[in-house]
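Colleague: below is the sequence, then the predicted model.
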Amino acid sequence: MIGARAPRTRRAALAILRRLPLIGTLIGLSLAVWLVATNDLSAVAAAFGRIGLAGFAGVTLVRALVVVLCGLAWARTLDGLSPAPASACLIVRFVREGINVLLPVASVGGDVLGARLLTFWGVAGSLAAASVLADLLFQVGTLALFAGLGAGLLSQVEGPAAAELAHWTLRTLTVAGLIVVGFFALQRTGIVRVVEDRVAALGRRFVRETEPRPEPTQRIQGALDSVWEAGRRGHLAQSFALHALAWLLGTAEVAIVLTCIGVDDVGLSEVLVIEALSQAIKAAAFLVPSGLGVQEGGLVLVCSLFGIDAGTAIALSLARRVPDVVLGLPALLVWQNLEARRTGVRPATPTCDRP
């Protein structure tokens, strides 16, 4: 009885995991509908209309520059280890972004697919996966530092609401910092190799004894060791700095939209707090595709601390979704084109992996 119950439990757990993006989408839609129903739509429309084409163009340009910086950061992580040029990382980074913001997948779905797409330029699959893991570590780590800067600035704002949010953010960042350290340790202590061995052993149980067993020539742990090699600290530091610069540049999106709407009494520190905390809230809800509803709710919460009404905050969020569509749709088309041409690319060459 117990043995029969275990497979059913595993199947149920797998079914839930597969449906997590759908569950996140429904939660996000519910939150978005609630925000719309409880706020003045005419105020949102009026604020959104004041942004104008110049404002939308400016926000889209800033977002494009942010993605370029992130692509360059990824390229620095891979520099000297793969045959792929930096342009490949830039192209795939736009595709990663497009998938994450437009498709009903968790916010890391595009990153998983990005590792596969990078192999179309002859990068070994293990190295592509390792580079994405390192890239995500830098991205999350710099976001945590950026959110900490925002929380520190928020703690200087008068009022119990600001103090409570600042303290809550700092406590949350403490936990996030431990997760980042754990993620780094996972990549550096060889635990990935243990997981690979367990998965390989499990796979061999389903291979008939008469069938040949392929040797594991591609190891993610070996590729991670190559990425984190001591002699590559300069490349890794540059990648880290580019990610940090990308988060800082994102504040320009908030500044452009608020200026176009006519909010003139918000300074640079306030804009930085709005960007840092709203991005942290969105990242915390990574299971919700594109932070649907979460981004809007986070902006309403943070903007209210500086006297910005909910209608303007929602208009700000909607304006920031314009680049998602303008840049995301072409990125999805590029993805489909890459898939259609995948048979014409060079095969992966696992020369950078270690046993």
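Modeller: Noted; the coordinates are in hand. Numbers count the residues shown, from 1 in each chain.
Colleague: following the helix or strand of the chain with the lowest mean pLDDT, which helix or strand comes up?
Modeller: Taking mean pLDDT, DSSP states H and E as the measure, the helix or strand of the chain with the lowest value is helix 191-204, at a mean of 49. As assigned by DSSP states H and E, the chain's next helix or strand after helix 191-204 is helix 220-227.
Colleague: list the buried residues of the helix or strand just after that next one.
Modeller: Next helix or strand after helix 220-227 toward the C-terminus (DSSP H and E): helix 233-249. Of the residues in helix 233-249, those buried under the neighbour-count criterion (16 or more other C-beta atoms under 10 Å) are 235-236, 238-240, 242-249. Yep, even glycine has a C-beta here, placed from its N, CA and C like the rest.
Colleague: same check, this time on stretch 141-159
Modeller: 141-151, 153-154, 157.
Colleague: ok so, going back, turn the buried residues of helix 233-249 into CSV, including distance to Val44.
Modeller: As requested, the buried residues of helix 233-249 are exported to CSV (distance: C-beta to C-beta, whole Å):
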residue, distance to Val44
His235, 45
Leu236, 43
Gln238, 41
Ser239, 38
Phe240, 38
Leu242, 35
His243, 32
Ala244, 33
Leu245, 32
Ala246, 28
Trp247, 27
Leu248, 28
Leu249, 26
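Colleague: okay if I get those as TSV plus distance to Ile179 and pLDDT?
Modeller: Converted to TSV, the buried residues of helix 233-249 look like this (distance: C-beta to C-beta, whole Å; pLDDT from 0 to 100):
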residue	distance to Ile179	pLDDT
His235	24	95
Leu236	19	95
Gln238	24	97
Ser239	20	97
Phe240	17	97
Leu242	22	97
His243	17	97
Ala244	18	97
Leu245	23	97
Ala246	21	97
Trp247	18	96
Leu248	22	96
Leu249	25	96
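Colleague: between the residues you listed, which sits nearest Val68?
Modeller: Ala246 (8.7 Å; C-beta to C-beta).
Colleague: you'd agree the closest one is up against Gly71?
Modeller: No: applying C-beta atoms under 8 Å, one finds Ala246 not in contact with Gly71, separated by 9.7 Å.
Colleague: one step back: just to be sure, which of the buried residues of stretch 141-159 are found in helices?
Modeller: Members of these lying in helices (criterion: DSSP state H): 141-151, 153-154.
Colleague: which two of those have the greatest separation?
Modeller: The widest separation within these (C-beta to C-beta) is 20.3 Å, between Gly141 and Leu154.
Colleague: what are the ranges of the helices in the chain?
Modeller: For the chain, applying DSSP H gives helices covering 2-37, 41-49, 52-78, 86-102, 109-118, 125-154, 160-188, 191-204, 220-227, 233-249, 251-261, 268-284, 294-304, 310-340.
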